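Asker: need a 3D model of the sequence below.
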Amino acid sequence: MKRPDKSAIEPTICIADASEERRHLLMQYVAIEWPNASITELGDSIQAVAGESSPIADCDMVVVGLSAQEASETGWLDVIRARADAKSAVPVIVVTADMGADIRDNCMKAGADDVLRKPVAMNELFDCMGRVLASKSQNGATLA
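Answerer: Below is the predicted model:
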């Protein structure tokens, strides 16, 4: 699937990671790659993503950085996908340091749109983000 023209859309991208430094670095890289994007920092935990007060319904995509320990527990994705509102359909990309053989399958079964393993090259992440955004727009969803 072709990546969308970055100048033609203004996606809202939400980022969560336990490391403030990684969150801010990723936010800076995304701002360079997607200059028209609105970037929202969700915080340092997966609860910030799945919680009732989470702004994910306003996101075109959520990028979640998970530790190996967090990645093995996919209940937060189940909570998101089980919601009865627009938050249930937000695309989620998981970036994890977990090297377990079944981590990708587990996250995908729980509802992740894609899973990347750390260390991840920025072009790999941006290609993944582009595919997810293109898929969302092809499925009739309007990008923010």
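Asker: can you pull the contacts of residue 93?
Answerer: Neighbouring residues of residue 93 by CB atoms under 8 Å, 6 or more residues apart in numbering: 61-64, 112-116, 125, 128-129, 132. All C-beta spots, glycine's among them, are computed from the backbone N, C-alpha and C.
Asker: let's have the residues you listed in CSV, adding pLDDT and distance to residue 88.
Answerer: Output for the contacts of residue 93, formatted as CSV (pLDDT from 0 to 100; distance: CB to CB, whole Å):
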residue, pLDDT, distance to residue 88
61, 91, 14
62, 91, 12
63, 93, 18
64, 90, 16
112, 94, 13
113, 95, 13
114, 95, 17
115, 94, 19
116, 94, 22
125, 94, 24
128, 94, 21
129, 93, 20
132, 90, 16
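Asker: low pLDDT regions in this structure?
Answerer: Low-confidence segments of the chain (pLDDT under 70): 1-9, 45, 71, 138-144.
Asker: does the residue most central in space within the chain belong to a helix, a strand or coil?
Answerer: Centroid-nearest residue in the chain, with CA atoms, centre = their mean: residue 63, separated by 2.3 Å. Judged by DSSP: H, G, I helix; E, B strand; the rest coil, the three-state class of residue 63 is strand.
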